[in-house]
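K.L.:
give the three-dimensional model of this entry:
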Amino acid sequence: MLNLAREGAAVLMISSELPEILGMSDRVLVMREGRLTADIPRDEATQENILRYAMVADENAAGASPTGGNGGSQ
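P.N.:
Prediction:
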């Protein structure tokens, strides 16, 4: 996957393993109950931020930006 990304290909990785997500992602999209709740850039992606959006019903929870700013409907 890393070689493909270095060559310019887009790679969509789905995982529930936070260390894997944090180690390989340029951007993290978080879902809760089948809905996209956050679009987090790499520099704001922490375990705490990801879990906040994965577990909190309010999509406007404090922390990283909720969806909408970076193509949240994708």
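K.L.:
what count of nearby residues applies to the residue lying closest to Leu4 once chain neighbours are set aside?
P.N.:
Spatial nearest neighbour of Leu4, excluding adjacent residues (CB to CB, 6 or more residues apart in numbering): Val11 at 5.6 Å. Any C-beta I mention is one placed from the backbone N, CA and C, and that applies to glycine too. Counted with other CB atoms under 10 Å, the neighbours of Val11 add up to 12.
K.L.:
again with Asn3
P.N.:
Using other CB under 10 Å, Asn3 has 8 neighbouring residues.
K.L.:
doesn't it belong to a strand?
P.N.:
No - Asn3 is assigned helix when assessed by DSSP: H, G, I helix; E, B strand; the rest coil, not a strand.
K.L.:
which SS state does the most centrally placed residue in the chain fall under?
P.N.:
Centroid-nearest residue in the chain: Val28, 1.8 Å away (criterion: CA atoms, centre = their mean). Here Val28 is strand, with the state taken from three-state DSSP.
K.L.:
that one against Ile21, yeah?
P.N.:
Yes - between Val28 and Ile21 there is a contact under CB atoms under 8 Å: 6.0 Å.
K.L.:
what residues do those two have in common as contacts?
P.N.:
Shared contacts of Val28 and Ile21 (CB atoms under 8 Å, 6 or more residues apart in numbering): 45, 50.
K.L.:
what does the pLDDT read for the residue nearest to the centre of the chain?
P.N.:
Looking at Val28, its pLDDT stands at 95.
K.L.:
who does it bridge with?
P.N.:
Assessed by DSSP bridges, Val28 has beta-bridge partners Ile40.
K.L.:
contacting residues for it?
P.N.:
Taking CB under 8 Å, 6+ apart as the criterion, Val28 is in contact with 21-22, 38-40, 42, 45, 50.
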